[in-house]
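Student: next input, structure requested:
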Amino acid sequence: MPYYPQDNVEFHTLDGLTLRGWLYPASVPHGPGVIITCGFNMPKDLLAPQIAKWFQRNGVTALVYDNRTICLSDGEPKNDINPHKQVSDCHDAVTFLSKHPLVDPAKITLWGLSLSGAVVLAAAALDPRVAAVVSLAPTAKLNIPPEKQTIILERAIHDRVARVTKDAPPAYLPMVSEEDGTNLAGLPIDAQAVRELERLSPHFKNHFTVQTAYWLVSWSVIDLLPRIRCPVMVVAPELDAINRPEAQKTEVFNLVVTDKRFEVIQGRGHWDWWKGEGEQGLEGVLGSQLEWMRGKLGLKL
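Tutor: Down below sits the predicted model:
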């Protein structure tokens, strides 16, 4: 088995933060690059390295990084998830990767999962440098029940007032509560999946700021989708109970007007799409995506 290096890297955002991650340089000079972001409140050591190493072994230089406020990246308060800011940070990740000597700046793909699957679509809509997008189980909009929205927005405004006028610390919500395993903001988060994430990464935090819910209520990528001009691949797990395949088709894929492909991962859900062996696991899912990228970007890998 050949040795493939992993470099510690960092880059700056437009508003002055430093985001930290890992670069997996491929052996192909002036070749393709991929930027991998892996979902809501997830640190970079959860799943993203497996994806990055697979692309690296197959000739694609890969970048993964902690989103702002997560793990080693800058940003306060910690675990404040703002998808609008994450879109902006994607542009700065493209700038960083495009300057690497191994990467052809005209062949950079954005790869995102769940909330990040929608973030990379929005980033591509606003950044003509992006050559292609792979969006897996994208969250185009969050269907938070109206009664939950009312409660959570009241808490968010109360938190905002307290922090501005009283110098109070930020308030947090658990991703899933210890009492009943539900999310107080009404987000469709699976308690068992959260427990597994806690087991897999010491950096994962089972909480986010109350302001996160404020950001998410206003989040929608739908109006940006028709602006995308690069090829788009939407990948939907067949048994996804959070972002159902039919919603991914109608709320995302059908609104993209450029060259596009819709693919279903048979027999898998939102949290286990990558599990399995060979063609039924990560190898098969990513292999199909790379084959698509080869055709759209003219790659000879």
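Student: go through this protein and flag its longest helix.
Tutor: The residue-count maximum for a helix in the chain (DSSP state H) belongs to helix 146-166.
Student: got the buried residues for it?
Tutor: Neighbour counts over helix 146-166 (16 or more other C-beta atoms under 10 Å) mark Lys148, Gln149, Ile152, Leu153, Arg155, Ala156, Asp159, Arg160, Arg163 as buried. In this view, the C-beta of every residue, glycine as well, is placed from N, C-alpha and C.
Student: wait, the third one touches Val210, no?
Tutor: Yes - look at Ile152 against Val210 with C-beta atoms under 8 Å: they come within range, at 7.4 Å.
Student: dihedrals phi and psi, the residue lying closest to Gln56 once chain neighbours are set aside?
Tutor: Excluding its sequence neighbours, the residue lying closest to Gln56 (C-beta to C-beta, 6 or more residues apart in numbering) is Tyr24, at 4.0 Å. The phi/psi pair for Tyr24 (degrees, to the nearest 10) reads phi -110, psi 90.
Student: rewinding a little: which elements pack onto the longest helix of the chain?
Tutor: Applying 3 or more C-beta pairs under 8 Å, 6 or more residues apart in numbering; DSSP states H and E, one finds that helix 146-166 contacts helix 210-217.
Student: need the distance between the two termini of stretch 132-146.
Tutor: Stretch 132-146 has an end-to-end distance of 35 Å (criterion: C-alpha to C-alpha, to the nearest Å).
Student: now do that stretch, average pLDDT.
Tutor: What stretch 132-146 shows for mean pLDDT is 87.
Student: what number of residues lie near Glu178?
Tutor: Applying other C-beta atoms under 10 Å, we find 8 residues neighbouring Glu178.
Student: Ile70 too?
Tutor: Residues lying near Ile70 (other C-beta under 10 Å) number 24.
Student: all good on my end, thank you.
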